[in-house]
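A.B. asks: I'd like to go over a predicted model; first the sequence, then the structure.
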Amino acid sequence: MKEIKTYLVITPFFPSSSNHKGIYIYDQLNQIRKKKNFKIKIVKLVSIFSREKKL
């Protein structure tokens with residue numbers, strides 16, 4: 001059985017429906033997903049005063 005490794009991304013820049021900052025990170029993760037066997041986890045750092053919804 002092949003082991004699936006986790007690729008952890010911690011960033012304040014990741015695109016959302018209202019903000020497109022960090023689209024390059026999204027593109028990089030798509031390429032990693034295509035070429036490697038990784039489980040990708042994303043942690044987006046936001047201010048405590050942010051109006052973004054939690055998922």
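C.D. replies: Thanks, I have the structure now. Numbers count the residues shown, from 1 in each chain.

A.B. asks: Okay, strands next: where are they in this structure?
C.D. replies: In the chain, the segments counted as strands under DSSP state E are 5-11, 38-44.

A.B. asks: Pull up the pairing partners for the first one, direction included.
C.D. replies: Here the strand partners of strand 5-11, with direction, are listed using DSSP bridges: strand 38-44 (parallel).

A.B. asks: just to revisit the earlier point, put together JSON lines for the strands of the chain, with distance to Ser50 on each row.
C.D. replies: All C-beta atoms are positioned from the backbone trio N, CA, C, and that covers glycine. Putting those into JSON lines (distance: least, C-beta to C-beta, whole Å) gives the following:
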{"stretch": "strand 5-11", "distance to Ser50": "14"}
{"stretch": "strand 38-44", "distance to Ser50": "10"}
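
A.B. asks: just those strands: most buried one?
C.D. replies: The highest mean neighbour count among those, using mean count of other C-beta atoms under 10 Å, belongs to strand 38-44: a mean of 13.

A.B. asks: what is the mean pLDDT for it?
C.D. replies: Summarised as a single mean, pLDDT over strand 38-44 is 90.

A.B. asks: between the strands of the chain, which gets nearest to Ser17?
C.D. replies: strand 38-44 (13.3 Å; C-beta to C-beta).

A.B. asks: Tell me who's in contact with the most centrally placed residue in the chain.
C.D. replies: The chain has Ile42 as the residue nearest its centroid, 3.8 Å off, counting by C-alpha atoms, centre = their mean. Ile42 is in contact with Val9, Thr11, Phe14, Leu29, counting by C-beta atoms under 8 Å, 6 or more residues apart in numbering.

A.B. asks: Any idea what it is bridged to?
C.D. replies: Val9.

A.B. asks: So it versus Tyr7, what's the distance?
C.D. replies: 9 Å (C-beta to C-beta, to the nearest Å).

A.B. asks: any common contacting residues for these two?
C.D. replies: With C-beta under 8 Å, 6+ apart, Ile42 and Tyr7 have common neighbours Leu29.

A.B. asks: from memory Phe14 sits against Ile25, does it?
C.D. replies: Yes: using C-beta atoms under 8 Å, Phe14 is in contact with Ile25, at 5.9 Å.
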